[in-house]
Structure formats: structure tokens, C-alpha cells
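*Asks:* I need the structure of the sequence given here:
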Amino acid sequence: MKRKKGCWKKCIHNKIISSQFVILNSCMNIFVVNSGSSSIKYQLFKMPDEKPICTGLVERVGLENSIITHKISLNGKEKIIQRQLDLDDHEAALKQVVALLTDIEIGVIHKPEEIEVVGHRVVHGGESFASTTIISNEVKAEIKKLFSLAPLHNPANYLGIEVAEKIFTKAKQVAVFDTAFHQTMPEKAFRYAIPQHFYTEGIRAYGFHGTSHKYVTEKTLQYLDNPSAKIITIHLGNGCSITAVNGGKSVDTSMGFGPVCGLIMGTRSGDVDPFIIFHLVNQLGYSLDQVNNILNKQSGMQGLTGFSDMRDITKAIAEGNEEAELAYEMYTYRIKKYIGSYAAALNGIDAIVFTGGVGENDINVRKLVCHDMDYLGIRLDDEKNKLRSGNIREINTDDSRTKVLIVPTNEELEIVKQCYELLNAEPIFAQSEKTEGVVFM
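*Replies:* Just a heads-up that it's a prediction; the model follows:
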């Protein structure tokens, strides 16, 4: 018997609330906000043009000597403005960003009201949100309920929403969830073999980096000219994850209930035997908070080598550091293992895709991952692998049965595209005031 997905409270705010608004506007100013605990990344697009007209980063929010780095394109040339000042909170930071956006000499808009849409990255949407969603009080309340599932991210994302609502009063506020792309995973993939009642309390695999995996998936399917292709997308940065994709839908992914499991990362451990946690606490005397900090911030490549940046690790290997070399082998071996398991889950693959800062730029990582993978038809062309380019490209040999691609990711552009598509879509059904905010179980 087919079980209904989501024994835990199942909420389809995205389908209900999104249909309230229809903006059939071919040209739209969309401001993307990625709010962190002490930072704000932002980009402004005039869609449908997919090139940002300005980008920026505010660092050290709430600390002394905050820094704003603001980049604009003037007369075909990039201009970088950097300012250092004290910004007490996110509201003060975003007000300074608006001052730059509307500056009489370097501004790209005249007033904040020209921003029609603010797109927010929200890390965790739980089972409540399976697609991009217009933000209402009900949606914000649901995001707050998920704070415990993403304590380092969702509170900061939520703060960004509240501040943007104060400043961009005329704009539609839209949430794009990192977990949404993985909501197509079947129950056999996202459930854990623990007592049933834990699932009703929300404990299951959610997956992350979904915005990146979705972006490179769509680019890959277009490149292959095959919407039903079976592909494995490998996002390698400071955080790392790998996803099995069948016909554009995520069917399994390495990150689970939280972002620690799966691949070895910059400072996160990736998969470890859970009994290690009990041993650290019960036998070695570590507190749970200390163990959490160890697995999230002191492990991975940092724990193995003392470095979290692959460029530093590559340099150490060149200098004969054996620990760095072993860590490199462990890192790539774990990726190979996941490729093998996902190839089995997909019953074959048409392409593997490298993306993210490490995936796009580290020649040796790609080489080690693809080495001795003939059984899957993966054959790397060493010369193609060495070429540098900002475009999608093949690095496999001509006779390789499986494509090996580098697809540069662009999470901000994916957020903008999803906002634009949502707000230019025709409503699926007529909205009734009586149905707004209904929660389905």
C-alpha cells in the first residue's frame, strides 16, 4: 500500500500562498538577500536579464569595524566600493546597502520602492515547503518553527526577511528553500530506521545545497538535451554534498537531517559511526556541545590537516606533507563511494557533474575521483581537465560512456529565476479567502 508522504504535519503553504499573487511583468527588479548571523550577501537583478547590476557583501554585522564591499558595473567596467563602519545590526547594515544602491553618483536605482521583489535564501523548509513561496505571516511562523532544525541558519535567514520587510515596503518578499529540491526524494530514501514516532516529530533526511543542485541539474539537462537523463551532481566547497538526480528530480542526497553527514568537508566530519559520539561523551568526558563543535567546526579537512581551504592543502601536499596527502585521498575516496551507491540507485548514469569552489577549480580532486571508475564508463581526459573556463564543459575522453562535466553554480541567479518564474506564472486555481493558510495533515 502506498503510504502518504509526511506523517509529520504536512503544510502546503507554497501552493496556497503563491497563487494569491500574479505579477505579469516582463521587467522586474529583484534583490537577492542571503542573510547570515553576522553577514549579508546581496545581488540586484533587472530580470529577465540574468546578469546582476550590482553585488555585495556586508561582513562583521554587529561587531566593530563592519565592512561593506559593493560592486557595480559602470560603462562596461566593474567598480568596487568598500566602506568600513560600525553596524549595530542587520537593519543598519541593509540601510547602508540601500544608501549605496540609491547613491546619486554610483546608485543603480533612485529609491527603495523600485525594488519589486526581495528573494531570500532560507536553508531549511522542512516538509512544509516544496517550492519557492511568497512570504506571509503564516510562512514566517512556519520558518520559526524550523529554527531547531537549522539553528545556525534559519534564525539569520528569518532576521533578513524581517529587516527587508521594513526597508523594501513595496516589494513582494519571497523565500527560496535549500531543502525544497530534495522534497522529491522517495520515502525509502529519506526515512531513518528508528522508531516510527520520531518521524512524526520531523526526524528524517532533508538534504541541503538544493538551490545549487537544482541550478546545475537544469544546466546539465539542457546541455545534454535530455530531460530524462540520470545524473549525479557533486557540490564541493567548504560544505560538500552529492545528489542522485533522475529526470530532473532529486532521488537521494548525502546530507540528511543536518548538514554534517555525507562527504568529508572543510570543517565538518561527514559520515561517522554514531557510536563515536557515545564514546566521546561517556568514556572521554566531552560534553554534547563540545562534540557538536568538534564534528561541525574542528573536523573534516581542518581536523585531518590543520587546513580547511583546499588550496592550502594542495600546497602542503606539494611540500611533502603526508597527512595532507592522506586527507586528500580520504576526501576523494568518500566521493567515489557515493558515486557508486548512487549509480546503483539510479540503475546507471549519463553524467557526473562537478560544481562549487572546489569542484570547479581543483584539478586533482576531479582526477582522483574519476580514477579507476572504468566500470561506470567514466574516463577523464587529463588535458581537458586542466583547462580553465567559467562555462559548462566536458572533461571526459571522447570514448567515455559517461559524461564528466564541470558546471559552474550560481545560487543567487537560481533564487532570482525562481522568484521571477513564480511571480510571472498564471494562478493554478482561483484563490479564496477561506482557504488561505489551511494546514493539511
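*Asks:* make it CA atoms for all contacts and neighbour counts henceforth
*Replies:* Fine.
*Asks:* tell me the contacts of Thr409?
*Replies:* 212, 215-216, 355-356 (Cα atoms under 8 Å, 6 or more residues apart in numbering).
*Asks:* Out of those, who's the most crowded?
*Replies:* Val216 (26 neighbours; other Cα atoms under 10 Å).
*Asks:* can you pull the contacts of that residue?
*Replies:* 233, 353, 355, 407-409.
*Asks:* Point me to the helix or strand that includes it.
*Replies:* Using DSSP states H and E, Val216 maps to helix 210-224.
*Asks:* Just after the helix or strand bottoming out on mean pLDDT in the chain, pick out the following helix or strand.
*Replies:* One helix or strand of the chain scores below all others by mean pLDDT, DSSP states H and E: helix 13-18, with a mean of 39. Remark: after helix 13-18, the chain's next helix or strand is strand 28-35, criterion DSSP H and E.
*Asks:* just to revisit the earlier point, from the contacts of Val216, which land in strands?
*Replies:* 233, 353, 355 (DSSP state E).
*Asks:* Quick one: the strands in the chain, in order.
*Replies:* 28-35, 40-47, 54-59, 66-74, 77-85, 117-122, 133-134, 172-177, 230-236, 240-246, 249-253, 351-355, 393-394, 403-406.
*Asks:* counting contacts, what elements does the second one pack onto?
*Replies:* Okay, so that is strand 40-47. If contacts are counted by 3 or more Cα pairs under 8 Å, 6 or more residues apart in numbering; DSSP states H and E, strand 40-47 sits against strand 28-35, strand 54-59, helix 411-423.
*Asks:* just to revisit the earlier point, the helix holding Val216 vs strand 240-246, what angle?
*Replies:* Angle of helix 210-224 versus strand 240-246, following axes from the mean of the first three to the mean of the last three Cα atoms, to 10 degrees, is 50 degrees.
*Asks:* What are the buried residues along helix 210-224?
*Replies:* Buried positions in helix 210-224, judged by neighbour count with 16 or more other Cα atoms under 10 Å: 210-217, 220-221.
*Asks:* same question, stretch 406-417
*Replies:* For stretch 406-417, the neighbour count (16+ other Cα under 10 Å) marks 406-409, 411-417 as buried.
*Asks:* Quick check: the two most widely separated of those residues?
*Replies:* Using Cα to Cα, the two most remote members of those are Ile406 and Val416, lying 22.1 Å apart.
*Asks:* Now the residue positioned nearest the centre of the chain: phi and psi?
*Replies:* Nearest residue to the geometric centre of the chain (Cα atoms, centre = their mean): His209, 2.9 Å. His209 adopts backbone torsions of phi 60, psi 20, taken as degrees, to the nearest 10.
*Asks:* State the phi and psi torsions of Pro259.
*Replies:* When read as degrees, to the nearest 10, the backbone of Pro259 gives phi -90, psi 10.
*Asks:* Helices along the stretch 51-200 of the chain, start to end?
*Replies:* With DSSP state H, counting those that start in this stretch as the criterion, the stretch 51-200 of the chain has helices at 90-101, 137-145, 154-167, 187-190, 196-200.
*Asks:* one step back: the closest residue to the residue nearest to the centre of the chain other than its chain neighbours and Glu218, how far apart?
*Replies:* Distances taken as Cα to Cα, 6 or more residues apart in numbering put Asp178 closest to His209, at 5.5 Å, once the chain neighbours are dropped. Asp178 is 16 Å from Glu218, where distance means Cα to Cα, to the nearest Å.
*Asks:* residues making contact with stretch 293-301?
*Replies:* Counting by Cα under 8 Å, 6+ apart, 260, 264-270, 307-308, 327 sit against stretch 293-301.
*Asks:* Likewise for stretch 47-60?
*Replies:* Stretch 47-60 is contacted by residues 26-30, 38-46, 66-73, 93, 108, 413, 420 when judged by Cα under 8 Å, 6+ apart.
*Asks:* for stretch 97-104, same thing?
*Replies:* In this structure, residues lying in contact with stretch 97-104 by Cα under 8 Å, 6+ apart are 68, 70, 106-112.
*Asks:* Repeat the analysis, applying 10 Å as the threshold.
*Replies:* Stretch 97-104 has contacts (Cα atoms under 10 Å, 6 or more residues apart in numbering) with 40, 42, 44, 54, 56-58, 68-72, 81, 91-96, 106-112, 167-168.
*Asks:* Now the buried members of those.
*Replies:* Buried, going by 16+ other Cα under 10 Å: 40, 42, 44, 54, 56-58, 68-72, 91, 93-96, 106, 108-109, 112, 168, out of the contacts of stretch 97-104.
*Asks:* I figured Glu91 was touching Ile167, is that so?
*Replies:* Yes: using Cα atoms under 10 Å, Glu91 is in contact with Ile167, at 8.2 Å.
*Asks:* and Gln418, how far is that from Tyr42?
*Replies:* Taken as Cα to Cα, the span from Gln418 to Tyr42 is 16 Å.
*Asks:* How about Val176?
*Replies:* Val176 is 14 Å from Tyr42, by Cα to Cα.
*Asks:* quick one: Gly247 and Leu224 touch, right?
*Replies:* No: between Gly247 and Leu224 there is no contact under Cα under 10 Å: 11.7 Å.
*Asks:* what residues do these two have in common as contacts?
*Replies:* Counting by Cα under 10 Å, 6+ apart, the common neighbours of Gly247 and Leu224 are Glu218.
*Asks:* Correct me if wrong: Leu346 contacts Lys249.
*Replies:* No: taking Cα under 10 Å as the definition, Leu346 is not a contact partner of Lys249, at 11.4 Å.
*Asks:* Check the contact lists of these two and give me the overlap.
*Replies:* By Cα under 10 Å, 6+ apart, the residues touching both Leu346 and Lys249 are 230-231.
*Asks:* Rounded mean pLDDT for stretch 52-64, please.
*Replies:* Averaged across stretch 52-64, the pLDDT comes to 92.
*Asks:* Correction: the previous question concerned stretch 393-402.
*Replies:* On average, stretch 393-402 scores 97.
*Asks:* Excluding sequence neighbours, find me the nearest residue to Ser131.
*Replies:* Closest residue to Ser131 in three dimensions, ignoring its sequence neighbours and counting by Cα to Cα, 6+ apart: Ala180, at 5.5 Å.
*Asks:* Does that neighbour touch Lys214 like I think?
*Replies:* Yes: the criterion here is Cα under 10 Å, and Ala180 meets it with Lys214 at 9.5 Å.
*Asks:* any common contacting residues for those two?
*Replies:* With Cα under 10 Å, 6+ apart, Ala180 and Lys214 have common neighbours Ser250.
*Asks:* Just give me the neighbour total for His182.
*Replies:* With other Cα under 10 Å as criterion, His182 counts 27.
*Asks:* check contacts around it.
*Replies:* 130, 190, 205-211, 213-214, 243-245, 249-253.
*Asks:* at 7 Å instead, please
*Replies:* By Cα atoms under 7 Å, 6 or more residues apart in numbering, the residues touching His182 are 206-207, 210, 250.
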